[in-house]
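Trainee: test case, fold it:
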Amino acid sequence: MIHATCHTADNVLCLEFDATPWFSAADAPSIVELARQGWSSAAIAESLEGRPGYARLHDLVEYAAQRLQSESLEDPTWETFECVVDGSEAMAWLEKNRPDVAASISRAPGDR
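Mentor: Sure, this is the predicted structure:
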C-alpha cells in the first residue's frame with residue numbers, strides 16, 4: 001500500500017487513501033514527474049475518485065470544485081486541494097513492482 005493524504009485548501013476535508021492503483025496504471029513519465037514535484041499532485045485524486053471504494057475521495061474533489069473553484073478564478077494558480085504521496089512507500093513499491101521507473105527516479109538528481 002502506498003499511503004496518500006489529500007486535503008482541501010480550506011482544510012474542511014482531509015483524508016488518507018491508497019494511491020497504489022494510480023501507480024499501477026500510470027505511465028512512467030507521470031510517475032517520474034510526480035517524484036520531481038515532491039510526490040504531490042492533484043492528478044492522483046482526480047484519476048482515482050471514480051473508482052469503487054474511493055467515494056470519500058470523490059466527495060473531496062467535488063467539494064473543492066463546487067465550493068472552492070470560484071475563489072481560484074481570481075488566482076488560477078491557487079490549488080483547491082492538494083494530494084501528497086508517501087515518497088518512501090512509493091519508492092519501495094516501485095522498486096518491487098516497477099523497477100525501471102524506480103531506477104529512472106533514482107538517477108534523476110533531487111527527486112527523492
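
Trainee: for the spatially closest residue to residue 25 that is not a sequence neighbour, list the residues it contacts.
Mentor: Nearest non-adjacent residue to residue 25, counting by C-beta to C-beta, 6 or more residues apart in numbering: residue 47, 7.6 Å away. Just so you know, the C-beta spots here come from the backbone N, C-alpha and C atoms, and that holds for glycine as well. By C-beta atoms under 8 Å, 6 or more residues apart in numbering, the residues touching residue 47 are 22, 25, 26.

Trainee: for residue 17, what are its contacts?
Mentor: Taking C-beta under 8 Å, 6+ apart as the definition, contacts of residue 17 comprise 3, 4, 6, 45, 48, 54, 56, 57.

Trainee: so where does the residue positioned nearest the centre of the chain fall, helix or strand?
Mentor: Compute the mean C-alpha point of the chain, and by C-alpha atoms, centre = their mean the closest residue is residue 44, 3.6 Å away. According to DSSP states H and E, residue 44 maps onto helix 42-48.

Trainee: what of residue 4?
Mentor: strand 3-8.

Trainee: direction included, what does the next helix or strand after that strand pair up with?
Mentor: Next helix or strand after strand 3-8 toward the C-terminus (DSSP H and E): strand 14-18. Using DSSP bridges, the strands paired with strand 14-18 are strand 3-8 (antiparallel).

Trainee: compute the inter-axis angle for the longest helix seen in the chain and strand 3-8.
Mentor: Criterion DSSP state H: the longest helix present in the chain is helix 87-97. Relative orientation of helix 87-97 versus strand 3-8 (axes from the mean of the first three to the mean of the last three C-alpha atoms, to 10 degrees): 140 degrees.
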